[in-house]
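Enquirer: Here is my input; please provide its structure:
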Amino acid sequence: WALLVGYSVLLAPGKSPDATVADRELLSQILSTPFDGTVPALFVCIFNMLGIWPAIYAATLLPGADRQSPVPTWAPVAGSFFLGAFALSPYLAVREYRGTPGESGTLDWATENVLENRITAVLLLAGAVYLALYAVGNASIGSVALAEMWTGFLPLFMSSLTAHISCIDFLVLWMLYSPVLLEDGRRRGCFSGPPSSWSGEDAVRFALGAGIPVFGGVSWLLLRPPLPKPDAAR
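Expert: Predicted coordinates:
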């Protein structure tokens, strides 16, 4: 967290007065008309996927949130929808481990009926697929224009504070997801013991979930087994 904040304050580009004005215009465009082609398509994809990442974290963390200390889970998870890893990373460092089957405790209504529902994962997947296709086609769904995508994105990444930090935030959220995935899997009876002892199915699930940003997290939400009942776990 300290490295992320320090990099953002001291090393990230885009702090000149002109860059600040350009950043304000960029934010206005991407919040009001994100898909009109005026903002580089890859940044549109990354920026909007920063809304999918927190939903993935919510669905993975909140099943172990009952009586969580020293900070209740809902606060940093809610904050991550606005601040990404800046809100989430301190919580991940201090939270209690809840990786024992049957240890999830009581689920609140939203966790049990929305976040544990595979329909939610399908909707997240649909959104991620649309954003990826939009980026790959450089704002044209159904096309493939990778060179144009990068050409439009890289100057923005190197000059805009908003674009630069959004991309770093995206990568940090990806980096932090593996232990969260591992804990949620163990709550559900997966990933028991060292990786060398995992079944082939568990190995594939973890590699897919941890190895592919956003799509891996959504795939876990689609493929993960349900939480065991406390009586069954005992």
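Enquirer: where's the nearest residue to residue 145 once chain neighbours are set aside relative to residue 68, distance?
Expert: Spatial nearest neighbour of residue 145, chain neighbours left out: residue 138 (3.9 Å); criterion: CB to CB, 6 or more residues apart in numbering. For the C-beta atoms, the positions are set from N, CA and C on the backbone; glycine is no exception. From residue 138 across to residue 68, the span is 43 Å (CB to CB, to the nearest Å).
Enquirer: Those two: who's more crowded?
Expert: Using other CB atoms under 10 Å, the more surrounded residue of residue 138 and residue 68 is residue 138, with 21 against 17.
Enquirer: Give me the phi and psi angles of that one.
Expert: phi 50, psi 60 (degrees, to the nearest 10).
Enquirer: Could you do residue 225 as well?
Expert: Torsion angles, degrees, to the nearest 10, at residue 225: phi -70, psi 160.
Enquirer: Next up, the contacts around it.
Expert: Residue 225 is in contact with 188, 189, 190, counting by CB atoms under 8 Å, 6 or more residues apart in numbering.
Enquirer: Repeat that for residue 34.
Expert: Counting by CB under 8 Å, 6+ apart, residue 34 has contacts 44, 47, 48.
Enquirer: for this structure, what's the longest helix?
Expert: helix 161-187 (DSSP state H).
Enquirer: next structured bit after it?
Expert: Using DSSP states H and E, the helix or strand that follows helix 161-187 in sequence is helix 200-211.
Enquirer: Would you indicate which residues of stretch 42-56 are buried?
Expert: Using 16 or more other CB atoms under 10 Å as the test for burial, stretch 42-56 gives 42-50, 52-56.
Enquirer: actually stretch 21-41, not the one I typed
Expert: Quick answer for stretch 21-41 (16+ other CB under 10 Å): 22, 23, 26, 30, 34, 39, 40, 41.
Enquirer: element containing the first one?
Expert: Looking back up the chat, that one is residue 22. Short version, using DSSP H and E: residue 22 is in helix 17-32.
Enquirer: so what secondary structure elements neighbour that helix?
Expert: helix 41-61, helix 146-159, helix 161-187 (3 or more CB pairs under 8 Å, 6 or more residues apart in numbering; DSSP states H and E).
Enquirer: from the chain's centre, how far out does that helix sit?
Expert: 24 Å (CA atoms, centre = their mean, to the nearest Å).
Enquirer: so the longest helix of the chain versus helix 146-159, what angle?
Expert: On the basis of axes from the mean of the first three to the mean of the last three CA atoms, to 10 degrees, helix 161-187 is oriented at 110 degrees to helix 146-159.
Enquirer: any idea of the mean pLDDT for helix 161-187?
Expert: Helix 161-187 carries an average pLDDT of 94.
Enquirer: in the protein, which ranges drop under the pLDDT threshold?
Expert: Filtered on pLDDT under 70, the chain yields the residue ranges 1, 230-234.
Enquirer: which residues touch the most centrally placed residue in it?
Expert: Nearest to the mean C-alpha position of the chain, counting by CA atoms, centre = their mean, stands residue 53 at 2.1 Å. With contact taken as CB under 8 Å, 6+ apart, residue 53 is in contact with 80, 84, 170, 173, 174, 214, 217.
Enquirer: and if we set it to 10 Å?
Expert: 80-81, 84-85, 88, 124, 128, 169-170, 172-174, 176-177, 213-214, 217 (CB atoms under 10 Å, 6 or more residues apart in numbering).
Enquirer: Likewise for residue 61?
Expert: Taking CB under 10 Å, 6+ apart as the test, what residue 61 contacts is 54, 68, 73-74, 76-77, 80, 88, 91-92, 95, 98, 111, 115, 180, 183-184.
Enquirer: Recalculate using a threshold of 6 Å.
Expert: residue 73 (CB atoms under 6 Å, 6 or more residues apart in numbering).
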